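Peer 1: Turn this into a model:
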Amino acid sequence: MQLPKKAKAYIPPGKLMNYLLSETHAVGKSKAKFFSALGFDETNVTQLEEGLLAIARTEGVGDFITSPHGAKYIVDGSMKTPRGGVVRLRTIWIIETEQENPRFVTAYPIE
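Peer 2: A predicted model of the protein is given here:
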């Protein structure tokens, strides 16, 4: 199964800088340390965004969970890092009730 409307998947403005790459965000700071160690920062946030969207658009859905807020989709994949490596990530996307397009929720490493 592919992510529904995968071509329309999006990452809200600020989600990467204010969450995934923010070392002061209550939840995101541990993820920021991980992504910073891979070489991601404000100078290459576009590379991070493009990599996450590529996972959503090319990889299959591993699982999905429905709730009153909508359906969450788990999509695992790999992406290149600024330091030349490849990292495996689990990404979470949601299609909220009464919405059509998948919105990025979070990403974290998997082994």
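Peer 1: Stretch 44-62: which residues count as buried?
Peer 2: For stretch 44-62, the neighbour count (16 or more other CB atoms under 10 Å) marks 45, 48-49, 51-53, 55-57, 59, 61 as buried. In this view, the C-beta of every residue, glycine as well, is placed from N, C-alpha and C.
Peer 1: any chance you could map the helices in this protein?
Peer 2: Taking DSSP state H, the helices of the chain run over residues 15, 29-37, 45-58.
Peer 1: Next, format these as JSON lines and append mean pLDDT and distance to Pro82.
Peer 2: Converted to JSON lines, those look like this (pLDDT from 0 to 100; distance: least, CB to CB, whole Å):
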{"stretch": "helix 15", "mean pLDDT": "96", "distance to Pro82": "19"}
{"stretch": "helix 29-37", "mean pLDDT": "95", "distance to Pro82": "10"}
{"stretch": "helix 45-58", "mean pLDDT": "98", "distance to Pro82": "6"}
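Peer 1: Would you format these as JSON lines with distance to Glu23 included?
Peer 2: Below are the helices of the chain laid out as JSON lines (distance: least, CB to CB, whole Å):
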{"stretch": "helix 15", "distance to Glu23": "15"}
{"stretch": "helix 29-37", "distance to Glu23": "5"}
{"stretch": "helix 45-58", "distance to Glu23": "14"}
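Peer 1: so which of those gets nearest Lys80?
Peer 2: Proximity to Lys80, assessed across those by CB to CB, is greatest for helix 45-58 (6.7 Å).
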